[in-house]
Structures are given as C-alpha cells and as structure tokens.
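J.: what follows is a predicted structure for the sequence shown.
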Amino acid sequence: MKKLNEWHIASQSNGGEINVKLVPMQRQQNTPNGFVWVDVGQMIELETGETIALNLDGKSFYTGPNQLYRLNS
C-alpha cells in the first residue's frame, strides 16, 4: 500500500501524467460514547485541492468523462 499524504504520479493511457496525493476517507461512526471519525478507505487529492474517490480496484480514478488515470507503482 502506498503511503498517505505523499505525492504520487498517476498516468493516463495516452501518456498524460498528473501529481496526486492519497488522503484518508473518513466517516462518522456511532458509539455508546458519541460519534467518532474512522478511516474507511482512501481518496485522491489533486494538485488543485479537489478530492476524488478511488475506483473499486483501489488503483485508478476518473477526473472526468473518459479520463481514467492509474496510480504508478
């Protein structure tokens, strides 16, 4: 698994590359003592600050229609 909050390169099949950061996806969980925030997965943060959910495979994401990017190993 890649380290969180570090910059990684994501590439497109046509050769385009962008810098992205993996950030934790957090959700609220109800407990007897109140609500707590738990990490339930990862999201992508672009250089612009926009966050995007990863696809189910955990290695790719879409920035727009027909714009699939994959995280490089």
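T.: It's in.

J.: quick one: the helices in this protein?
T.: In the chain, no segments count as helices under DSSP state H.

J.: would you indicate which residues of stretch 8-20 are buried?
T.: Buried positions in stretch 8-20, judged by neighbour count with 16 or more other CB atoms under 10 Å: 10, 18, 20. All C-beta atoms are positioned from the backbone trio N, CA, C, and that covers glycine.

J.: ugh, wrong one, stretch 34-54
T.: Buried, per 16+ other CB under 10 Å, within stretch 34-54: 43, 44, 45, 46, 54.

J.: out of these, the closest to residue 67 would be?
T.: Closest approach between the buried residues of stretch 34-54 and residue 67, by CB to CB: residue 46, at 11.8 Å.

J.: beta partners of the closest one?
T.: Residue 46 has the following beta-bridge partners by DSSP bridges: residue 20.

J.: from what I see, it and residue 61 are in contact.
T.: No: counting by CB atoms under 8 Å, residue 46 stays clear of residue 61, with 9.7 Å between them.

J.: tell me, what's touching the two both at once?
T.: By the contact definition CB atoms under 8 Å, 6 or more residues apart in numbering, residue 46 and residue 61 are jointly contacted by residue 52.

J.: which of the buried residues of stretch 8-20 lies closest to residue 71?
T.: Lowest distance from residue 71 to those (CB to CB) belongs to residue 10, with 5.3 Å.

J.: right, and the closest one touches residue 18 too?
T.: Yes: counting by CB under 8 Å, residue 18 is a contact partner of residue 10 at 5.5 Å.

J.: got any residues that touch both of the two?
T.: With CB under 8 Å, 6+ apart as the test, residue 10 and residue 18 both reach residue 69.

J.: so how far is residue 5 from residue 56?
T.: 23 Å (CB to CB, to the nearest Å).

J.: now residue 63
T.: Residue 63 sits 20 Å away from residue 5, going by CB to CB.

J.: between the two, which has more neighbouring residues?
T.: Neighbours per residue, other CB atoms under 10 Å: of residue 63 and residue 5, the larger number sits with residue 63, 17 against 9.

J.: circling back to that earlier point, among the buried residues of stretch 34-54, which two are most distant?
T.: The widest separation within those (CB to CB) is 12.8 Å, between 46 and 54.
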